[in-house]
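1. Let me see the structure of the following:
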Amino acid sequence: MNSINVTVPITVKAKLTEKLRARLVDEAVKVAEQMELELKQINIDMQRELDRSPQHEPQIRNFFGNEMAPRQARLDEARRRKETFEKLALGAEIIQGTTNRQVELKVGDNLREAMNVEILVEDDKIIAIRG
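-> Presented below is the predicted three-dimensional model:
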C-alpha cells in the first residue's frame, strides 16, 4: 500500500474585528444573564423548601448548592470571556473551532504538514488557508 485516505482536523480561527467582538461580548452577556436568572430562581426555590422543611436545612442547602455550582461556574466563565474579548486587540486571532478534511497520504509525505492546516476568517469570510 503506497497511499491512504485519512480525515485530519483543521483549526478554524477568526480575526477579531469590532463586529466579531460585539457578537462575542453579546453572547457572553446573554449567558451571564441567563445564569443569573437561573441562580435567582434556585435561591427562591431553596428558600421555599427551607421555609417548608427547616429541619432538613443541611440536606436542602446541599441539594440546591449542587444545583447552583455548575451555573455559578458558567456565570464566572461568561464574565471572564466578556472581559477577555473586551481587552483583546483588534486583529487578534481567536480559535473558533475545528472541522475535518480528507487527505490522501502517500509514502514520503510530511505528516506534520498534512496535519497542521488552519483556516482564517474575518467577518465570516475566509481570508487565508494556512498549511
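2. Could I get the full set of strands for this structure?
-> Using DSSP state E, the strands assigned to the chain run over residues 3-15, 93-106, 118-122, 125-130.
3. ok, residues contacting the first one?
-> To tie it back to what came earlier, the one meant is strand 3-15. 20, 91-107, 114-115, 117-122, 127 (Cβ atoms under 8 Å, 6 or more residues apart in numbering). All C-beta spots, glycine's among them, are computed from the backbone N, C-alpha and C.
4. Pull out the buried positions in it.
-> Ile10, Thr11, Val12, Lys13, Ala14, Lys15 (16 or more other Cβ atoms under 10 Å).
5. what does stretch 114-121 rub up against?
-> Residues outside stretch 114-121 that contact it (Cβ under 8 Å, 6+ apart): 8-15, 93, 96, 99, 101, 103, 105, 126-131.
6. Can I get the strands of the chain in a markdown table including mean pLDDT and distance to Glu38?
-> As requested, these are exported to a markdown table (pLDDT from 0 to 100; distance: least, Cβ to Cβ, whole Å):
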| stretch | mean pLDDT | distance to Glu38 |
| --- | --- | --- |
| strand 3-15 | 93 | 29 |
| strand 93-106 | 92 | 26 |
| strand 118-122 | 95 | 33 |
| strand 125-130 | 94 | 36 |
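7. Right, I'll call it a day here.
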